[in-house]
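>>> Sequence and predicted model, in that order:
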Amino acid sequence: MQIRVYWILVLFFLQVEADITLSPENSVENSAHCEMTRDEDDERCGAICYPIVKPLLRYAALCQGKDATINDLKDNIREKDVYIAQLKSKIELTNSMEIQLKDKETILHLKANEIVKMEKDIGDREAEIHEKKDQISKMELQIQSRETLMQSKDKLIRELENQVNSLKRTQGKLVDISEASSCLPFTDATDILTIELPGTGPFLVPCNSSVSGSGWTVIQRRVNGNENFNRTWNDYKLGFGDLRENFFLGLEKIHLMTLSQSHELYVQLGNVNGGTRYARYDDFKIGSEEEGYKLKSLGKYSGTAGDSLTEDNLNMKFSTWDHNNGTICPKYYGSGWWFGHCGKSNLNGKYYENGQRESVGGIRWDSWQYDIYRISLTFSQLMIRPKT
């Protein structure tokens, strides 16, 4: 722009100079006044040119200012172009990122679908696991039931094996039934077996080989109050009760057993606290019914319970409430026994579960209880065995 103004001014001055030179007036004046000095020409030229050039100078100065503004604008435009290029780059980057984001969103959507599917699979697996656990629990219950059944079967098998072994042992030791008049031939037997005595048919007796050797025949037992021992003469004669629990074998059988040969008597006792004692006599025998089943012999005593039979019961007839032999003791004590002055013993008395008797009655063996009459024994067992 400055160059164009410069050339405009040059051309303007050349034109002015040409006008001055070619003008008739100037030509005459030049001819007439050829002696003018150069300073005068300058003054004249200045007087003519300045009013014309002044606006042009102002315009040139203005143009110079505009050029600076234009340059600034150009610089600003260049900066804006750079900024626009940067924005375009950022827009392209943003577009690229949007594409990447869309791709990521697509991937996330796919992943979300996979997660949903996996959650469904996990739910199905959990349901399957729960079902399997239920099946396992049922199978465990079945196994436990089977194990219980197997244990029961094993126990039954063992019991059957024991019975078979017992039968084998018994079979190996069988004797002629006519020779078995006691449990002595059944060595080591603790069971209910059959014996036979002269004048009787075969009958069952409990044999015991677990106390003081083998071969004992149990003739009386008390373990609880399930059996009433306040019985008639005929009941005591023939016997009564459950041979595996509470019973009395029968006076007639006991008489016939002790008639043929001498027998030992073993008295086994127990109290409510679990204490046990025994009394043993080496020559036990009772008389016939005609003799009132009198306690005819006891022999020598030994043991830990003390002797509560010899002093008051030896040589006494057996008495019951309906066959009392002139004594009130059977009615007073509510049982059958060999009473003598009601004596110091009565193993057939009323049973008290708590071991504490009332004013009368109870299962007594005073030499162990030291005459403390409120005590009632909770276990008694009379056993006899042939002397060998």
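Good, I have the coordinates. Numbers count the residues shown, from 1 in each chain.
>>> residue ranges with poor pLDDT in the stretch 51-200 of the chain?
Applying pLDDT under 70 to the stretch 51-200 of the chain picks out residues 51, 53, 166-179.
>>> what ranges do the strands span in it?
Assigned by DSSP state E, counting those that start in this stretch, the strands in the stretch 51-200 of the chain fall at 192-195.
>>> and if you look at the stretch 201-350 of the chain?
Assigned by DSSP E, counting those that start in this stretch, the stretch 201-350 of the chain shows strands spanning 203-208, 216-222, 240-241, 247-248, 263-270, 276-286, 295-297, 301-303, 345-346.
>>> wait, is R385 part of a strand?
Yes. With DSSP: H, G, I helix; E, B strand; the rest coil as the criterion, R385 is assigned to a strand.
>>> who's it bridged to?
Taking DSSP bridges as the rule, R385 bridges to E264.
>>> How about T217?
Beta-bridge partners of T217, as defined by DSSP bridges: C207, I384.
>>> Distance-wise, check it relative to E161.
From T217 across to E161, the span is 27 Å (Cβ to Cβ, to the nearest Å). Backbone N, C-alpha and C define where each C-beta goes, glycine included.
>>> do you know which of the strands of the stretch 201-350 of the chain lies nearest S359?
S359 lies closest to strand 345-346 among these, at 14.1 Å (Cβ to Cβ).
>>> same for that closest one, what does it pack against?
Under the contact criterion of 3 or more Cβ pairs under 8 Å, 6 or more residues apart in numbering; DSSP states H and E, strand 345-346 touches strand 364-365.
>>> at 10 Å what do you get?
Strand 345-346 sits against helix 310-313, helix 329-333, strand 364-365, helix 366-369, with contacts defined as 3 or more Cβ pairs under 10 Å, 6 or more residues apart in numbering; DSSP states H and E.
>>> So T217 and E161 - more neighbours on which side?
Set side by side, T217 and E161 show more neighbours around T217, with 25 against 10, by other Cβ atoms under 10 Å.
>>> mind listing what the more buried one touches?
181-184, 186, 193, 195, 205-208, 249, 253-254, 257, 263, 382-386 (Cβ atoms under 10 Å, 6 or more residues apart in numbering).
>>> for the nearest residue to K294 once chain neighbours are set aside, what are its contacts?
Distance criterion Cβ to Cβ, 6 or more residues apart in numbering; nearest residue to K294, sequence neighbours excluded, is G287 at 4.2 Å. With Cβ under 10 Å, 6+ apart as the criterion, the residues that contact G287 are L251, H255, T258, L259, Y293, K294, L295, K296, S297, N315, K317, F318.
>>> go with 7 Å
Residues near G287 by Cβ atoms under 7 Å, 6 or more residues apart in numbering: H255, Y293, K294, K296.
>>> Out of those, who's the most crowded?
Counting by other Cβ under 10 Å, top hit in these: Y293 with 24 neighbours.
>>> Phi and psi next, for it.
phi 50, psi 40 (degrees, to the nearest 10).
>>> right, and it touches I286 too?
Yes. If you go by Cβ atoms under 7 Å, Y293 and I286 touch, sitting 5.2 Å apart.
>>> Name the residues contacting each of these two.
L251, H255.
>>> coming back round to it: ok, the contacts of G287 vs W337, which is closest?
Using Cβ to Cβ, the contacts of G287 come closest to W337 at Y293, 10.9 Å.
>>> gap between that closest one and E105?
113 Å.
>>> Could you do R280 as well?
From R280 to E105 the distance is 105 Å (Cβ to Cβ).
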